[in-house]
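Asks: Output the structure for:
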Amino acid sequence: MPRVTHDDAPPLADLMPWSVAPPRLGRGWPAAPDPTALKARWDALARAEGEDREALFEPTRARTLHTAVGRLPGRTDGGTQRLARAFGPCPEPVRVLAAPFDEQWLIPDHRLIDAARPEVWRVADDTQVFAVETPQAPGWPLLATSLFPLLRAGRIRPLYRRPGGREPNLAPGLPDQLRRLGHSPDPVDFLAWTLTAVRPDLTVPLPRDRELWAHGVESGHRALWLLRRTGERPKLPGGRRPYVRAPLPARPRTLHYDRAEETLHLDEGRVSPVPPEAWDFGADAQGRVLERWFAARTASEAEPGTLAAIRPAGWQQAWTSELLELITVLALLAEVGARRAELAVPDTVTAAELRAAGVLPVPDAARHPATVLDHHEEGPEGQFALL
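Replies: I've put the predicted structure just below:
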């Protein structure tokens, strides 16, 4: 249970009651920063036979070459026959959020994933927003993404319980309570406020002040835009936009930041200007966001002969574009974060008041997935089931 703060702010777990544990791949090779490498890994597995195929697959108790599972909900590719005897073309890799601020790719085949969380795939569409708990991330205990969240962090809270943006994942009485306060009951506005105001212990103060709510919602919408990367691409003002000043090498090995010159060095390659706020973003024991992003694309820790060792021969042009955009996003998010730190909520609606108003406790059904299926899903070995 989240710790109750001194002002008895309600926990996010009560305000967005349905949550799902993070997915668990069980093997690292079905995800990577480069989709072409994923297809090459799939082809290598398909060419192997017998014990060699088994070793490449990296079996676990949940998944072996003989495991039969249904197709991932919402997918039309990916087989359902046992991999020991059947292989088709590689399912088209999909974009996922693999780590905080790190968009990568995944082979969306249920047979490769130990715990895929089908209930999340079932509600993933263009209207969905996933709130992902990251209590260990400095400054941002909650992230939001439109991509399938593959983070090994806290729980996933979809904004909607059904596809098409239907049935918000909010405590049933919360929208009416927000109306009584004069606040917008729109679920996206609530998520925007939550991104602005959520505390490290994942409690969410609800203000009585309408102007404070409107200010927080506006700031939260900017954070949502930056986190989801939807609509117009973010840009820093002229003169602050990062550019490649010296060509990046074919295989950069080191990353270094010159704070005085605001320059990011990838070996002899140079990117500038890079604001210090972007470089310092997310600094913790595991490093900074930019350092972790770079390491995911250049580290050579995979054991030779494994599928994970199949990687691009050199730096990909797409990564340069992604790096420039990531620098921009981190710099702009740092500005939003600075405003978040200034937000004070002196007069809040307490959890006790929400209980008195009948908003809490939420019904048990609100903590479980909705019944969303009105069509057949392909089950193991090509059988169909109506759930």
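Asks: What ranges in the stretch 201-350 of the chain fall below the confidence cut-off?
Replies: Within the stretch 201-350 of the chain, the segments meeting pLDDT under 70 span 285.
Asks: The closest residue to I113 other than its chain neighbours: what's it in contact with?
Replies: Once flanking residues are discounted, I113 sits nearest to L25: 5.6 Å by Cβ to Cβ, 6 or more residues apart in numbering. Yep, even glycine has a C-beta here, placed from its N, CA and C like the rest. Contact analysis of L25 by Cβ atoms under 8 Å, 6 or more residues apart in numbering lists 31, 112-114, 150.
Asks: Let's see that with 10 Å instead.
Replies: 31, 58, 60, 63, 98, 106, 112-116, 150, 152 (Cβ atoms under 10 Å, 6 or more residues apart in numbering).
Asks: per-residue confidence at it?
Replies: On pLDDT, L25 comes in at 97.
Asks: What ranges does the protein have for its helices?
Replies: Ranges of helices within the chain are 12-15, 35-47, 50-57, 118-122, 174-180, 187-197, 210-228, 276-280, 289-298, 317-342, 351-356, based on DSSP state H.
Asks: quick one, which of the ones you listed is nearest to T263?
Replies: Among those, the nearest to T263 by Cβ to Cβ is helix 276-280 (10.0 Å).
Asks: what about dumping the CA coordinates of that closest one to CSV?
Replies: Output in CSV follows, covering the C-alpha atoms of helix 276-280 (Å, rounded to 0.1, in the frame of the first residue of the first chain):
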residue,chain,number,x,y,z
PRO,A,276,22.9,20.8,-19.2
GLU,A,277,19.4,20.1,-18.2
ALA,A,278,19.1,17.5,-21.0
TRP,A,279,22.5,15.9,-20.1
ASP,A,280,21.6,15.8,-16.3
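Asks: just how off-centre is it within its chain?
Replies: How far helix 276-280 lies from its chain's middle: 21 Å, per Cα atoms, centre = their mean, to the nearest Å.
Asks: and that helix, what other elements does it pack with?
Replies: strand 255-258, strand 263-266, helix 289-298, helix 317-342 (3 or more Cβ pairs under 10 Å, 6 or more residues apart in numbering; DSSP states H and E).
Asks: Output the ones you listed in a markdown table; the columns should cover distance to L354 and mean neighbour count.
Replies: Formatted as a markdown table, the helices and strands packed on helix 276-280 follow (distance: least, Cβ to Cβ, whole Å; neighbours: other Cβ atoms under 10 Å):
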| stretch | distance to L354 | mean neighbour count |
| --- | --- | --- |
| strand 255-258 | 46 | 15 |
| strand 263-266 | 46 | 21 |
| helix 289-298 | 35 | 19 |
| helix 317-342 | 23 | 17 |
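Asks: quick one: which of these is nearest A37?
Replies: helix 289-298 (10.7 Å).
Asks: Kindly export that closest one (C-alpha atoms) in PDB.
Replies: Extracted in PDB, the C-alpha atoms of helix 289-298 (Å, rounded to 0.1, in the frame of the first residue of the first chain):
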ATOM      1  CA  VAL A 289      19.000   9.000 -19.500                       C
ATOM      2  CA  LEU A 290      21.300   9.900 -22.400                       C
ATOM      3  CA  GLU A 291      24.000   7.600 -21.100                       C
ATOM      4  CA  ARG A 292      21.600   4.700 -20.800                       C
ATOM      5  CA  TRP A 293      20.100   5.400 -24.200                       C
ATOM      6  CA  PHE A 294      23.600   5.400 -25.800                       C
ATOM      7  CA  ALA A 295      24.700   2.200 -24.000                       C
ATOM      8  CA  ALA A 296      21.600   0.400 -25.300                       C
ATOM      9  CA  ARG A 297      22.800   1.000 -28.800                       C
ATOM     10  CA  THR A 298      26.500   0.500 -28.500                       C
END
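Asks: what's the angle between it and helix 317-342?
Replies: Following axes from the mean of the first three to the mean of the last three Cα atoms, to 10 degrees, one obtains 160 degrees for the angle between helix 289-298 and helix 317-342.
Asks: about what we covered before: among the helices and strands packed on helix 276-280, which is nearest E277?
Replies: For E277, the closest of the helices and strands packed on helix 276-280 is helix 317-342, at 3.6 Å, according to Cβ to Cβ.
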